[in-house]
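**Student:** Need coordinates for the below:
(one chain, ligands or ions: 1)
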Amino acid sequence: MQNSFADFEDAPHAFAPIVAAARVAPVFRTSEKVVNYGKPKGRTMTKTQDDYAYAIGDAPFSREEMIAALDEFAELYEKRPIKDNHGGMLSPHMFPLWFATRRLKPKAVVESGVFKGQSTWLIEQAAPEAKIYCIDPELDRVEYRSERAMYLSEDFSRHDWTDLPAEDTLLFFDDHQNAYDRLKAAAWFGFKKIIFEDNYPLGQGNCYSIKHALSKADPQFAELAKTFKPEHNVAWWKRLLGLDKHVPSYEPTVEPETDAKYLRRNLAVYYEFPPVVKLDRNRWGDPWNESYPTPAPLLEGTPDGARKIYEEEAASYTWMAYIELR
Ligand SMILES: C[S@@+](CC[C@H](N)C(=O)[O-])C[C@H]1O[C@@H](n2cnc3c(N)ncnc32)[C@H](O)[C@@H]1O
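**Tutor:** Numbers count the residues shown, from 1 in each chain. Presented below is the predicted three-dimensional model:
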């Protein structure tokens, strides 16, 4: 990669507004594979199967490899620089980010949504050779600063990324923005590999997620989508009252069916990381019913020893997803 940090400082914010991203020509492919996690292939979902999740294509990770890495991660996580990271990432997100980054070996990582810097530290551990670009409009909150990272306060869509090795760069979004728009921008810049931390299910979350887009267009969820009212969502009210300035939109970009169609056309891989441990209830205190399609957990029962952390922080699970664009 030729890009240096100095290049970045000098780079004009050459890319025009994200509107340009809408012009991305979709790649037409007919082969698409949608499978169920934890279910024999080909078995269709019914509303009583609560471990269903969407998947497109083959992710370069297996459950067995993830399970085998749990102890190593727990040991590393002990050394995290920020002990109280509530409001940011905990082990349900930190583990899959570390696992995937290590596996993908990116030459560069762009992290959007830094908060105190815990995930930056993790990216450093998982990709010791990678250049790191950290974006957050509120960089004064950063407690852990990486010497290997460049810190940027302008939005991801407003940088010149042309010198980055697009195919060898991992984008990590934990910024509560419209994920569908983020994908379009990523495609426009030529990036392929993307992780979304906040991939909330229908009716939850404070930003339009890829899971929202896929669920809204699914006949299995038609009923749920119809009864979903944004005003039942706390985030919607916060936004209305101006209490959450980070909330951009909960609305579909076009129509749910259209968004889902374009996702299926443009995604080679969509993979929801499974929870390590599943508590009786999810982060909103709801039972794991048909409203919350979720992959089966990596661990059954009550973990002990170093693995206890996975149970202690399990409530913060967010259906984090790995995506590869065609
Ligand atoms: C949940 S926190 C990120 C947590 C962090 N990844 C960690 O390791 O704990 C979300 C962050 O997104 C930031 N944010 C809001 N709008 C953003 C934007 N347009 N681009 C990048 N970051 C943004 C917020 O300032 C906040 O720090």
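
**Student:** tell me which element Glu124 is part of?
**Tutor:** Using DSSP states H and E, Glu124 sits within helix 118-126.

**Student:** Give me the next element, helix or strand, following that helix.
**Tutor:** Downstream of helix 118-126, the first helix or strand assigned by DSSP H and E is strand 131-135.

**Student:** Is there proximity between that next one and the ligand?
**Tutor:** Yes - counting by C-beta under 6 Å from any ligand atom, the ligand is contacted by strand 131-135 at Ile135. In short, each C-beta sits where N, CA and C put it, glycine included.

**Student:** tell me the angle that strand makes with helix 118-126.
**Tutor:** 170 degrees (axes from the mean of the first three to the mean of the last three C-alpha atoms, to 10 degrees).

**Student:** Give the next helix or strand downstream of strand 131-135.
**Tutor:** Using DSSP H and E, the next helix or strand after strand 131-135 towards the C-terminus is strand 149-152.

**Student:** Tell me the neighbouring strands of that following strand, and mark each as parallel or antiparallel.
**Tutor:** strand 131-135 (parallel) (DSSP bridges).

**Student:** Pull the residues that contact the strand it pairs with.
**Tutor:** 1, 3, 5, 8, 107-114, 117, 120, 123-124, 142, 146, 148-156, 175 (C-beta atoms under 8 Å, 6 or more residues apart in numbering).

**Student:** re the thing from before, for the helix holding Glu124, name the packing helices and strands.
**Tutor:** For helix 118-126, the packing partners by 3 or more C-beta pairs under 8 Å, 6 or more residues apart in numbering; DSSP states H and E come out as helix 91-104, strand 108-112, strand 131-135.

**Student:** Using PDB, write down the CA coordinates of the longest one.
**Tutor:** Extracted C-alpha coordinates of helix 91-104, given in PDB (Å, rounded to 0.1, in the frame of the first residue of the first chain):
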ATOM      1  CA  SER A  91     -17.200  -9.200  24.600                       C
ATOM      2  CA  PRO A  92     -20.200 -10.200  22.400                       C
ATOM      3  CA  HIS A  93     -18.800  -7.700  19.800                       C
ATOM      4  CA  MET A  94     -15.200  -7.700  20.700                       C
ATOM      5  CA  PHE A  95     -14.800 -11.400  20.200                       C
ATOM      6  CA  PRO A  96     -16.200 -11.600  16.600                       C
ATOM      7  CA  LEU A  97     -14.300  -8.400  15.600                       C
ATOM      8  CA  TRP A  98     -11.100  -9.900  16.900                       C
ATOM      9  CA  PHE A  99     -11.800 -13.300  15.300                       C
ATOM     10  CA  ALA A 100     -12.800 -11.900  11.900                       C
ATOM     11  CA  THR A 101     -10.000  -9.400  11.700                       C
ATOM     12  CA  ARG A 102      -7.400 -12.000  12.600                       C
ATOM     13  CA  ARG A 103      -8.700 -14.300  10.000                       C
ATOM     14  CA  LEU A 104      -9.100 -11.700   7.200                       C
END
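
**Student:** Which neighbouring elements make contact with it?
**Tutor:** Applying 3+ C-beta pairs under 8 Å, 6+ apart, one finds that helix 91-104 contacts helix 63-77, helix 118-126, strand 169-173, strand 193-196, helix 308-312.

**Student:** Go through the ones you listed and name the closest to the ligand.
**Tutor:** Of all the helices and strands packed on helix 91-104, it is helix 118-126 that lies closest to the ligand, at 3.1 Å by C-beta to the nearest ligand atom.

**Student:** contacting residues for the residue in the chain that the ligand sits nearest to?
**Tutor:** In the chain, the residue that lies nearest the ligand is Gly88 (2.2 Å; C-beta to the nearest ligand atom). Contact analysis of Gly88 by C-beta under 8 Å, 6+ apart lists 82, 115-116, 118-119, 174.
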